[in-house]
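**Q** Here is the input, now give the coordinates:
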Amino acid sequence: MTSALVVSGLRSGVGKTTVTLGLIRAFSAAGLKVAALKVGPDFLDPSHYRAAGAAVSRNVDPILQGNAGMRKAFAVSAGSDITLIEGVMGLFDGPIPGKTTASTADVAARLGVPVLLVCDARSCAQSIAAEIIGARRLLGRTPLLGVILNFVGSKRHADLLTRGVHQLAKTPVLGCLFRDSLTPIPSRHLGLVSGMEMKTTPYEEYGRALSAAVQIDRLANAARSLKKKIGPSAPRASGKTNGGRLAVRVGIARDEAFTFYYPESLEYFQNTCEEVTFFSPLTDPAPPPADLYYFGGGFPEIYARRLSANRPFREALRQNLQAGAKAYAECGGLMYLSKAIIATDGREYPMTDHLPGSCIMHKTRQALGYWRAKIRSKSLFLDKAETLVGHEYHWSSYVPAGLKTIYQAEKIGARGELKDGGWISQNTFASYLHLSPLGNPGFFRRLVEWAER
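**A** As a prediction, the model looks like this:
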């Protein structure tokens, strides 16, 4: 049985990502094959897991993927020596008020994986034991493996903390990381700068720090002994699909501007379609021939000047779409297929101009959360009353010129919060929703069947 552990904290900003990346490097240096998973819909942290050396990097999310889909995603890590699962927000924070549903603690319980708690030790000493006791009590039957104390001020501070945790919380301290000792990863409005964009990385520094602070062998052995065996209901991972591939050519935009793709989405197209080609709207002179173009999310607003400057690509793409090629666009893809991106300073950057209307960047966040969207009427490959479950996080708004929305969405965890969204123009479906085929299998199946027609 392989080792697995959940790296979590009681709030954001305690250093979960730093510890996870350091453990990836430390375990890899010890000769172990590491899988790293992220609880929730985050695209950015998994990009760093891959860059740091994780052999498997993906998300586990019971809302976005469904419970069975989440277990399939987890099962992909079965061939690794150790699986690290980084939590989201605080350990018990979920989208539904008053419940821990879809929280890190909930995912740990569903997957039967023990928790490693990262604690922010600033401005306290042995009182930190109270947080740990509370966490252990709320975890219930899920084992608390131990704690790593972060932002420790000095050796004396470390001694005070460790004694308090041992004596009051009866919990092992597995390591201490000192304040201001590690280089932070830069961030921007959507979170961390992606691993693909970083020229220099602090992963080796994090690995050395975790190797020095934590007994890596002891941690792996403790995780192995506490991990509950997943029962027979856990699906086995498989890269194969039922039946042959469809005669569909899929072109997927993938470069620094378009990085937000769930691995299961890329795998779905690779497993069901005859040909999948990746291309760069930033640098390629023209898109490859394709029956279906898939534009995921990312940072088109950051690269708006370069995207706009590649006029030959934009014109060639628009010609292909006008000639009958089809397109599916999520969030950043919607922005790129629109007429223009209007920056916060008022500058307008022409885009593909395939979708009427422009996208306006704002100085404040426009959406964050899970949404359940119900299709109003049958169109393209979408069925009337079909329900899509996805996630949104964006600082832009789309102002369509004459297009009607095709669904009404309700925010999960905020009963009564409704909005309209989703737009169809000619042979293109675009929306702000990020979708996973694990949670929306019918949508993706009909998408490729429509592309084949």
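
**Q** these two touch, right, Asn67 and Leu111?
**A** No - Asn67 is beyond contact range of Leu111, at 10.2 Å (criterion: C-beta atoms under 8 Å). (Glycine included, C-beta is placed from N, CA and C.)

**Q** So between those two, which is more surrounded?
**A** Leu111 (24 against 13; other C-beta atoms under 10 Å).

**Q** Not counting sequence-adjacent ones, nearest residue to the more buried one?
**A** Phe74 (5.5 Å; C-beta to C-beta, 6 or more residues apart in numbering).

**Q** neighbours around that neighbour, how many?
**A** Counted with other C-beta under 10 Å, residues neighbouring Phe74 total 26.

**Q** hang on, it in a strand?
**A** No - counting by DSSP: H, G, I helix; E, B strand; the rest coil, Phe74 falls outside a strand, being helix.

**Q** how close does it sit to Gln65?
**A** 10 Å (C-beta to C-beta, to the nearest Å).

**Q** swap in Leu337?
**A** Leu337 is 26 Å from Gln65, by C-beta to C-beta.

**Q** The residue nearest to Leu111 and Gly421, how far apart?
**A** Remark: distance between Phe74 and Gly421 (C-beta to C-beta) = 30 Å.

**Q** from memory Tyr303 sits against Glu256, does it?
**A** Yes - using C-beta under 8 Å, Tyr303 is in contact with Glu256, at 6.3 Å.

**Q** Those two: who's more crowded?
**A** Higher neighbour count among Tyr303 and Glu256: Tyr303, with 23 against 16, using other C-beta under 10 Å.

**Q** Excluding covalently adjacent residues, which one is nearest to the more buried one?
**A** For Tyr303, the closest residue by C-beta to C-beta, 6+ apart turns out to be Ala257, at 4.0 Å.

**Q** OK, contacts around that neighbour?
**A** Going by C-beta atoms under 8 Å, 6 or more residues apart in numbering, Ala257 touches Pro281, Leu282, Gly298, Phe299, Pro300, Ile302, Tyr303, Arg306, Leu307, Gly332, Tyr336.

**Q** and if we set it to 7 Å?
**A** Pro281, Leu282, Gly298, Phe299, Pro300, Tyr303, Leu307 (C-beta atoms under 7 Å, 6 or more residues apart in numbering).

**Q** what about the strands in the stretch 251-400 of the chain?
**A** With DSSP state E, counting those that start in this stretch as the definition, the stretch 251-400 of the chain shows strands at residue ranges 273-279, 292-295, 326-330, 340-342, 348-350, 357-361, 367-375, 387-394, 396-400.

**Q** domains of the chain?
**A** 3-226, 246-452 (automatic domain parsing).

**Q** got the ones you listed as TSV, with mean pLDDT columns?
**A** Output for the domains of the chain, formatted as TSV (pLDDT from 0 to 100):
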stretch	mean pLDDT
domain 3-226	94
domain 246-452	96
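
**Q** looking at the sheet around Ile360, what are its partners?
**A** Beta-bridge partners of Ile360, counted by DSSP bridges, are Ile342, Ser397.

**Q** which two in the contacts of Ala257 are spaced the farthest apart?
**A** Pro281 and Phe299 (12.1 Å; C-beta to C-beta).

**Q** of these two, who's got more company?
**A** More neighbours surround Pro281 than the other of Pro281 and Phe299, with 24 against 20 (other C-beta under 10 Å).

**Q** does that one really touch Phe313, like I thought?
**A** Yes - under the criterion of C-beta atoms under 7 Å, Pro281 makes contact with Phe313 at 5.7 Å.

**Q** hang on, the earlier thing: distance of the residue nearest to Tyr303 relative to Gly332?
**A** 7 Å.

**Q** Could you tell me which residues touch both of these two?
**A** Joint contacts of Ala257 and Gly332 (C-beta under 7 Å, 6+ apart) are Gly298, Phe299, Pro300.

**Q** would you turn those into CSV with distance to Arg58?
**A** CSV is the format used below for the shared contacts of Ala257 and Gly332 (distance: C-beta to C-beta, whole Å):
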residue, distance to Arg58
Gly298, 17
Phe299, 21
Pro300, 23
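
**Q** and which of those residues is nearest to Ala222?
**A** Gly298 (38.2 Å).

**Q** So what's the residue count around the closest one?
**A** Neighbour number of Gly298 under other C-beta under 10 Å is 27.

**Q** Am I right that it is in contact with Thr259?
**A** Yes - if you go by C-beta under 7 Å, Gly298 and Thr259 touch, sitting 4.6 Å apart.

**Q** which residues of the stretch 101-250 of the chain fall in helices?
**A** 104-111, 128-139, 155-164, 203-213, 216-226 (DSSP state H, counting those that start in this stretch).

**Q** I'd like to check which residues are in contact with the closest residue to Leu433 other than its chain neighbours.
**A** Among residues not flanking Leu433 along the chain, Gly390 sits closest, at 3.4 Å (C-beta to C-beta, 6+ apart). Contacts here follow C-beta under 7 Å, 6+ apart; on that basis Gly390 touches Leu64, Trp371, Leu433, His434, Leu435.

**Q** Buried members of the residues you listed into PyMOL, please.
**A** Filtering these down to the buried ones (16 or more other C-beta atoms under 10 Å) takes a single PyMOL command:
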select buried, resi 64+371+433+434+435
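
**Q** Show me the contacts of Gly390 that map onto helices.
**A** Judged by DSSP state H, those include no members of helices.

**Q** just curious, which of the contacts of Gly390 is nearest to Asp383?
**A** Using C-beta to C-beta, those come closest to Asp383 at Leu435, 14.8 Å.

**Q** I'd say the closest one and Gly442 touch.
**A** No - in this structure, Leu435 is not within contact of Gly442 by C-beta under 7 Å, at 11.1 Å.

**Q** Which secondary structure elements does the helix of greatest length in the chain sit against?
**A** Determined from DSSP H, the single longest helix within the chain is helix 16-29. For helix 16-29, the packing partners by 3 or more C-beta pairs under 7 Å, 6 or more residues apart in numbering; DSSP states H and E come out as strand 3-8, strand 34-39, helix 44-52, strand 82-86, helix 203-213.

**Q** Determine which of those approaches Arg137 most closely.
**A** With C-beta to C-beta as the criterion, Arg137 lies closest to strand 3-8 of the helices and strands packed on helix 16-29, at 15.1 Å.

**Q** Quick one: neighbours of the nearest residue to Gly140 once chain neighbours are set aside, just the number.
**A** The shortest distance from Gly140 to any non-neighbouring residue, by C-beta to C-beta, 6+ apart, is to Ala109 (7.5 Å). For Ala109, the neighbour count with other C-beta under 10 Å is 18.

**Q** got it, and Arg208?
**A** Residues near Arg208, counting by other C-beta under 10 Å: 15.
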